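In: Sequence first, then the predicted structure, then my questions.
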Number of protein chains: 2
Amino acid sequence: MEIPTLSDIQQAHEQIKDRIHRTPVLTNRQVDERSGCRVFFKCENFQRVGAFKFRGACNAVFSLADEEASNGVATHSSGNHAQAIALAARMRNIPAYIVMPENSPEVKKRAVAGYGAEITFCEPTQEARESTLEKVVEKTGATFIHPYNDPRIIAGQGTSCLELLKDYPDLDIILVPVGGGGLASGTAIAASGIRPEVNVIGCEPEIADDAYLSLKTGELQPSKNTQTVADGLRTGLGELTFACLQKHLHGIVTVSEEEIVSAMRYIWERMNIIIEASCAVPVAALFNHKIENTSGKKIGIIITGGNVDLENLPWNEQREHG
Amino acid sequence: MEIPTLSDIQQAHEQIKDRIHRTPVLTNRQVDERSGCRVFFKCENFQRVGAFKFRGACNAVFSLADEEASNGVATHSSGNHAQAIALAARMRNIPAYIVMPENSPEVKKRAVAGYGAEITFCEPTQEARESTLEKVVEKTGATFIHPYNDPRIIAGQGTSCLELLKDYPDLDIILVPVGGGGLASGTAIAASGIRPEVNVIGCEPEIADDAYLSLKTGELQPSKNTQTVADGLRTGLGELTFACLQKHLHGIVTVSEEEIVSAMRYIWERMNIIIEASCAVPVAALFNHKIENTSGKKIGIIITGGNVDLENLPWNEQREHG
């Protein structure tokens, strides 16, 4: 697989722009005062299915040739990628086959089913997910769409940064969380192509620092068996996303669990938007001075999504346990 | 006191427009599908201090003559109006004296103090609030700014509808919650002046239906001693807001507590924005078919604010109690 280019991202944007929301960019004076810079939040929590994942899924699904598409698409996911694939397939009027761990939250099962996808449940292990998916693909002839280690997905995720830099062309730094690396890769490729002066910095939980270690050692490190509150970032990099980040990312920093929860709550309380813990990772990095030379700078932050279990908020958990 | 006019609202907008946020208007496909119409949410939860209240407070504070202003401004409030007056006074560089019930939430006390206001605490009764305020005004010579029964406040609150109709000039219906009636009055005056075809409908909790009863009977009814979850709407109308609503409002409907909590949660989960229970009242009215002839129509809803106690969300309470 080839590393996607700015041109791939621009083509992806042409392909999906009438099917996605052009998400707004929000600013907040209290955030600016606290951080000493000007922060521009690209709000993918207002994207369809509530997360940036719809950009990549939509691009992948609409990139398929008609014949290939007619057999449908398949993936395994307990989260936003499943919903994103299901919705994109419904929009293209082709079948979607989603393998989900049987212990996925009811609300996610209902959402995926609500988009008309066919769900196959499996045991909640990586092995069961992969073997079940293999059977589904064999039976249906559907095309497997990986959640991040796929150039069409990476190109789709990069369209968020494309829009951000169209609205605010003079950003100095862009912060992006790193899980599987699809969003970080697309963002770094888009930014370095459009504006080489901008620094794109990846942000990771300390207890899920496989990307940090991979980039420091130059060798792809396995993901950790971690329970970080930023559940969207528990995944490890793939070979393609690792190669993209090696080539285009300017740096990577880590933050503690406490810093993540505190930043998440701050954004909820001051900005009145619902963000997942994963989105709070770059905010935590900024608030806790993990990023160099930010004073007075213009900083873009990609807010990745807002699908949160309202019955189970991390500050309530902390209170109960601590 | 005279009923303000569209021209007063336009002047208020000139006065405050560089001091407020021009709040965004959000839409959501799921809301549109569920309601069978097109809904445009004017998001005052993204306004400064997190609520529309800043518009009126800012207009009132900046409307004062220099001499009058120099002695400062005063009010009693446990909520958003206190913060709004405190911030507006700081912007004009004059003192703000806020009387707050001693049992106000710590977070609100800190916020008001953070804007540099001088707080006087009192017992949590209406009598204590009014008598304490009287003493403060006597001692300081500050100007009392009522939270809603004041033409400058009403004109300021009307600027939100002004912006909404500038962005979406062809709305058919505008829904607005009714508490003290400042926002509802400003909205109805602005809408009837700009676009007489638009219907402005007030929305109230069933168990706090004093405005509903006032408008039906033609006589100002006292507020009820109510614990509605929409705590911003527990107040009764004032004489001026009652007169405004009698003249300009097209109708008023009520919703149950259960309908309010359910609509509030729906907006949190689907739109990923944090809204107060008060904002959910118009949404509940729409979802529960309290408004006539909405099918296919364009409907504006003023989202009033987002200052919520995250430790104490109404669906959690319901679960515990029910």
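Out: Right, received. Where do you want to start?

In: and A:Asn293, how many neighbours?
Out: Around A:Asn293 there are 10 other residues, counting by other CB atoms under 10 Å in any protein chain shown. Any C-beta I mention is one placed from the backbone N, CA and C, and that applies to glycine too.

In: so which strand or helix has it?
Out: For A:Asn293, there is no enclosing helix or strand under DSSP states H and E.

In: can you check A:Leu213 too?
Out: helix A:210-217.

In: what does that helix contact?
Out: With contacts defined as CB atoms under 8 Å, 6 or more residues apart in numbering or on different chains, helix A:210-217 is touched by A:178, A:181, A:184, A:202, A:204, A:220-224, A:236-237, A:242, A:245-246, A:249, A:252-254.

In: Please point out which parts of that helix sit buried.
Out: Within helix A:210-217, the residues that qualify as buried by neighbour count (16 or more other CB atoms under 10 Å in any protein chain shown) are A:Asp210, A:Ala211, A:Tyr212, A:Leu213, A:Ser214, A:Leu215.

In: Same question for stretch A:64-72.
Out: Going by 16+ other CB under 10 Å, stretch A:64-72 has these buried residues: A:Leu64, A:Ala69, A:Asn71, A:Gly72.

In: now do stretch A:117-135
Out: Buried-residue list, stretch A:117-135, by 16+ other CB under 10 Å: A:Ala117, A:Glu118, A:Ile119, A:Thr120, A:Cys122, A:Ala128, A:Arg129, A:Thr132, A:Leu133.

In: so what's the fourth one up against?
Out: The neighbours of A:Thr120, taking CB under 8 Å, 6+ apart as the test, are A:Tyr97, A:Ile98, A:Val99, A:Met100, A:Thr132, A:Val136.

In: Can you tell me the SS state at the residue of the stretch 101-250 of chain A at minimum distance from chain B?
Out: Taking CB to the nearest CB, chain B has its nearest neighbour within the stretch 101-250 of chain A at A:Val107, 8.2 Å off. Following DSSP: H, G, I helix; E, B strand; the rest coil, the label given to A:Val107 is helix.

In: re earlier: pipe the contacts of A:Thr120 into a markdown table and attach distance to chain B and pLDDT per row.
Out: Listed next are the contacts of A:Thr120 as a markdown table, based on distance: CB to the nearest CB, whole Å; pLDDT from 0 to 100:
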| residue | distance to chain B | pLDDT |
| --- | --- | --- |
| A:Tyr97 | 24 | 98 |
| A:Ile98 | 20 | 97 |
| A:Val99 | 25 | 96 |
| A:Met100 | 19 | 94 |
| A:Thr132 | 29 | 97 |
| A:Val136 | 28 | 97 |
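
In: and which of these is nearest B:Ala191?
Out: Checking the contacts of A:Thr120 against B:Ala191 by CB to CB gives A:Ile98 as the nearest, at 45.7 Å.

In: a helix runs through the closest one, doesn't it?
Out: No: if the criterion is three-state DSSP, then A:Ile98 is strand and not within a helix.

In: how about it, what does it touch?
Out: Each residue near A:Ile98 by CB under 8 Å, 6+ apart is listed here: A:Ala74, A:Thr75, A:His76, A:Ser77, A:Ala82, A:Ile85, A:Ala86, A:Val112, A:Ala117, A:Glu118, A:Ile119, A:Thr120.

In: Please list the members of those residues that lie in strands.
Out: Of the contacts of A:Ile98, the ones assigned to strands by DSSP state E are A:Ala74, A:Thr75, A:His76, A:Glu118, A:Ile119, A:Thr120.

In: so what pLDDT did the residue nearest to the spatial centre of chain A get?
Out: Nearest residue to the geometric centre of chain A (CA atoms, centre = their mean): A:Leu183, 5.0 Å. On the pLDDT scale, A:Leu183 is placed at 98.

In: do A:Thr125 as well
Out: On pLDDT, A:Thr125 comes in at 85.

In: quick one, phi psi at it?
Out: Per-residue torsions, A:Thr125: phi -130, psi 160 (degrees, to the nearest 10).

In: And the helices in chain A, which stretches?
Out: Per DSSP state H, chain A carries helices over the ranges A:6-16, A:29-35, A:53-63, A:66-70, A:80-92, A:106-114, A:126-140, A:151-167, A:182-194, A:210-217, A:239-248, A:257-271, A:277-287, A:314-321.

In: so which of these gets nearest B:Lys17?
Out: helix A:29-35 (16.1 Å).

In: Name the nearest residue to whatever residue of the stretch 1-150 of chain A ends up closest to chain B, ignoring sequence neighbours.
Out: In the stretch 1-150 of chain A, the residue found nearest to chain B is A:Asn45; the distance is 4.4 Å by CB to the nearest CB. Closest residue to A:Asn45 apart from its sequence neighbours, by CB to CB, 6 or more residues apart in numbering or on different chains: A:Gly306 at 3.2 Å.

In: List the residues that contact the one you found.
Out: Neighbour list for A:Gly306: A:Asn45, A:Phe46, A:Gly50, A:Ala51, A:Ile273, A:Ile274, A:Ile275, A:Glu276, A:Cys279, B:Asn272 [criterion: CB under 8 Å, 6+ apart].

In: can you do 10 Å?
Out: Counting by CB atoms under 10 Å, 6 or more residues apart in numbering or on different chains, A:Gly306 makes contact with A:43-47, A:50-51, A:80, A:273-276, A:279, B:268-273.

In: can you check A:Gly180 too?
Out: For A:Gly180, the contact set (CB under 10 Å, 6+ apart) comprises A:81, A:146-149, A:153, A:211, A:223, A:232-238, A:241.
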